[in-house]
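K.L.:
A predicted structure for the sequence below; I have some questions about it.
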Amino acid sequence: MSELRLVLPPDGQNWSRLADYKANGGYAAAEKALREMKPEAIVEEVKTSGLRGRGGAGFAAGMKWSFLPKDGRRPRYIACNADESEPGTYKDRQILERNPHKLIEGLLIAAWANTIDAAYIYMRGEYRGPYENVTASIAEAYAAGYLGKNVLGTGLDFDIYVHRGAGAYICGEETGLMESLEGRKGQPRKRPPFPAVSGLWRQPTTINNVETMAHVPHIVEKGAAWFKTIGMEKSTGTTIFGVSGDVVRPGAFELPLGVPLREIIFEHAGGIPGGRALKAVIPGGVSMPVLTAEQAMKVTMDHEALREAGTLLGTGAVIVMDERQCMVRAALVIARFFRHESCGQCTQCREGTGWLHKLFMSLENGTGKLADLDTIDEVTRFMEGRTICALSDAAAWGAGFFLRRFRPEFEAHVQHRGCPLAATSFEV
Amino acid sequence: MPLSPELKQRIVAEFPKYPEKRAVLLTALHFVQAEHGGWIPPELVPELAETIEIPQIDVWEVISFYSLFHSEPVGRFHLQICTNLPCCLRGARAIVRALSEALDLRPGECSSDGAFSLAEVQCLGSCGTAPVLQINNEPFEEQLSTESAVALVGRLRAKAAAAAGEGRPS
């Protein structure tokens, strides 16, 4: 299967400047939406398209919009999530660097459809190049009358601001993001109230990922029925899969949902260097349960098939590990990450992430005991489903499933009093 | 030390973007760091808090929460290397060792002349071009090898020396 570019321009092209974007059909969807379509019809079209959020949770985008109250309370906001900090993930950056007007057009249509007054694009602070690129595109959109007062003469007033984060994974969590945007530590909020009712500055707010918004223009232009012909019945359209790790050609590939994982690894990413054997794949960023090679070779990349295989699509960030690599080390690096990024509010997460990291370190250092494996299992179960946000669950799954799916290798670390793969594995 | 009038002006100019002044805090801290060699001198905090009309403790909470904000000096070239899983799989640890040796610094340290500091950081969002590092807030240095990392240090040293020769910070 070849790539299908809906949100990204063809190879070697960059449509960041307005003239290039318009020459390739840009803003036709916004013209159609604002001039010819009723707001509720747009929400309905996006609902019918089956578009699911591309930020990790896969929630139905049109449904999320429909949660915004109909009580006339203003202002209403979009918080656009460009924090992209799930390790392995670099897909939104492709849009921010090469097709930012697609995002702006998506936000504009969303604003018309949902009576939104302003959108804040929350972009991770490390993304300096993307920040400057998107800022320049927004300035062009204002100058061309696509943003600001009375957009396209429709009476819509709509502003977009880019807000820079400052290096905290938790700010990709929707309520952590809102806290950070308001100028506080990014500690997630308890729900209810949900953001649709009480979000940014306690006003109605919808939070949508960059890639999700970038799909809105072509859904409006070509229709939900067309969009549904791409991908799977319940996982419609394309998504950008970012491949990293032990492959010949790491990179970002836009493909229909439901593509076999095997095809992504062995065709698009060129297979494993040196003809080595596949050992493990994380299919959706380090928060998602790891798959064994056997599982990975059979699964397709859609929400339903991955759930059935005991993992989740997450951000579509495919991390490939070959036969040389040590699974205890992989779990250790992931546990170290979550320990660093826990915001510290909930005991299960704050303490649990620290415990996991220490337990994996002792196994790797050769001081681990068999009983530690049960402790890891116990700690991960005590971290799931009990905290304000899902970071704790992510840490439990991301690190914990390495033990559940590669237990003999963990036991070998105890028996060998250290890493049996030290000679070949990556270093931590 | 007061905030420079230009800096204060830039911070105040951010207020209209938001319904509450507090929302400019992260942006203001980015501005302060960019103008003060990559860190936030503590003596600026009172005036910053006063400008934004929030308690000083709220400024400190935010500085200490976010990895990109530094309350102690960093090097003029602050090298941040990702050691998360995708970069480690492509040899990030060897790059850390090579940089450490070339700079004679351990991660977390700053050189005595203030030219360099080295830090291990979490995922930078460039996993397809791993291993990756970021100097200050510049675009990433991608697909590093131990050789290219050492060569990079050489180029930065030359830049630092040239800037010192002209008697101004680079």
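P.N.:
Cool, got the structure.

K.L.:
for the closest residue to residue B:72 other than its chain neighbours, give me its contacts.
P.N.:
Computed as Cβ to Cβ, 6 or more residues apart in numbering or on different chains, the closest residue to residue B:72 that is not its neighbour in sequence is residue B:39, at 6.3 Å. Using the backbone N, CA and C atoms, a C-beta is placed for each residue, glycine as well. Applying Cβ atoms under 8 Å, 6 or more residues apart in numbering or on different chains to residue B:39 gives the contacts B:33, B:70, B:71, B:72, B:73, B:74.

K.L.:
dump those to a markdown table, plus pLDDT, secondary structure and distance to residue B:24.
P.N.:
Below are those laid out as a markdown table (pLDDT from 0 to 100; DSSP: H, G, I helix; E, B strand; the rest coil; distance: Cβ to Cβ, whole Å):
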| residue | pLDDT | secondary structure | distance to residue B:24 |
| --- | --- | --- | --- |
| B:33 | 96 | helix | 14 |
| B:70 | 97 | coil | 19 |
| B:71 | 96 | coil | 19 |
| B:72 | 95 | coil | 24 |
| B:73 | 96 | coil | 24 |
| B:74 | 97 | coil | 23 |
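
K.L.:
show me which of the residues you listed are buried.
P.N.:
B:33, B:70, B:73, B:74 (16 or more other Cβ atoms under 10 Å in any protein chain shown).

K.L.:
for chain A, state which of these is nearest.
P.N.:
If you rank the buried ones among the contacts of residue B:39 by distance to chain A using Cβ to the nearest Cβ, residue B:33 comes first, at 9.4 Å.

K.L.:
flag the shaky bits of the chain, pLDDT-wise.
P.N.:
As the question left the chain open, I've gone with chain A. Within chain A, no stretch has pLDDT under 70.

K.L.:
actually, chain B is the one I wanted.
P.N.:
Scanning chain B with the threshold set as pLDDT under 70 gives B:167-170.

K.L.:
what's the helix ranked longest in chain A packed up against?
P.N.:
Ranked by number of residues, the top helix in chain A under DSSP state H is helix A:347-365. Judged by 3 or more Cβ pairs under 8 Å, 6 or more residues apart in numbering or on different chains; DSSP states H and E, helix A:347-365 is in contact with helix A:327-341, helix A:370-383, helix A:391-405, helix A:407-415.

K.L.:
can you lay out the buried ones among the contacts of residue B:39 as CSV showing distance to residue A:23?
P.N.:
Formatted as CSV, these follow (distance: Cβ to Cβ, whole Å):
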residue, distance to residue A:23
B:33, 39
B:70, 44
B:73, 48
B:74, 44
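
K.L.:
columns distance to chain A on top of those residues, output as JSON lines?
P.N.:
Shown next, in JSON lines, are the buried ones among the contacts of residue B:39 (distance: Cβ to the nearest Cβ, whole Å):
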{"residue": "B:33", "distance to chain A": "9"}
{"residue": "B:70", "distance to chain A": "10"}
{"residue": "B:73", "distance to chain A": "18"}
{"residue": "B:74", "distance to chain A": "13"}
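
K.L.:
what is the most widely separated pair among those?
P.N.:
Farthest pair in the buried ones among the contacts of residue B:39 (Cβ to Cβ) is B:33 and B:73. Separation: 11.0 Å.
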